[in-house]
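Q: Sequence plus the predicted model coming up.
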Amino acid sequence: MSKYFSKRALISFNTFGDLLMPASDVLPAFSETGCLSHIDDLALHAPQDDIGSLNLVLVILSFMPTVVFRWLIKKMKGAQNSNSVFSTVYRQLNFGIKGLLYSLYYSGKSGENYKGEPVNVLIGNETVRLNN
């Protein structure tokens, strides 16, 4: 459970994650890794207003069918080349959602129920960060 995101928001994160990082012959799907259990590590220093706003959007999306997530991902990707009224919002969502999810997925951290190799090892990136 997260201190920053509701249970419904976590459902949306997993839906986005599985659409952006589906299972392949080599890599597990985002939700299979359980890496979302480390979301609080990333949210710890984020502005509370940003977390609150993202949480609200994710909760609303959690009641939507997968097709809405696919549509939103397409809009988020296309916003980089657009100056429409909602482009800024789509770009912020793209940066916030994808930034968090890709950071978690490729971090090498996983949930306690995941028994496979960490994703960073599977892709050959075993960089170690030293804390001073």
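A: Alright, I've got the coordinates. Numbering: from 1, shown residues only.
Q: OK, contacts around the residue nearest the centre of the chain?
A: Nearest to the mean C-alpha position of the chain, by CA atoms, centre = their mean, lies Leu101 at 2.4 Å. Contacts for Leu101 (CB atoms under 8 Å, 6 or more residues apart in numbering) come out as 13, 16-17, 20-21, 30. The way it works is simple: take the backbone N, C-alpha and C, and place the C-beta from them, glycine included.
Q: Check the gap between it and Asn83 for me.
A: According to CB to CB, to the nearest Å, Leu101 stands 26 Å off from Asn83.
Q: Next, check the contacts of Leu101 against the helices and list the overlap.
A: In helices, judged by DSSP state H, the following of these are found: 13, 16-17, 20, 30.
Q: Quick one: neighbours of Ala29, just the number.
A: By other CB atoms under 10 Å, 16 other residues sit near Ala29.
Q: hang on, I meant Ser87
A: Ser87 has 16 nearby residues by other CB under 10 Å.
Q: That one and Gly78, how far apart?
A: Counting by CB to CB, the gap from Ser87 to Gly78 is 9 Å.
Q: How about Asp25?
A: Asp25 sits at a distance of 29 Å from Gly78 (criterion: CB to CB).
Q: quick one: which of these two has more around it?
A: Gly78 (14 against 4).
Q: Tyr90 is in contact with that one, correct?
A: Yes: using CB atoms under 8 Å, Gly78 is in contact with Tyr90, at 7.5 Å.
Q: okay, now Gly52: neighbour count?
A: Neighbours of Gly52 using other CB under 10 Å come to 13.
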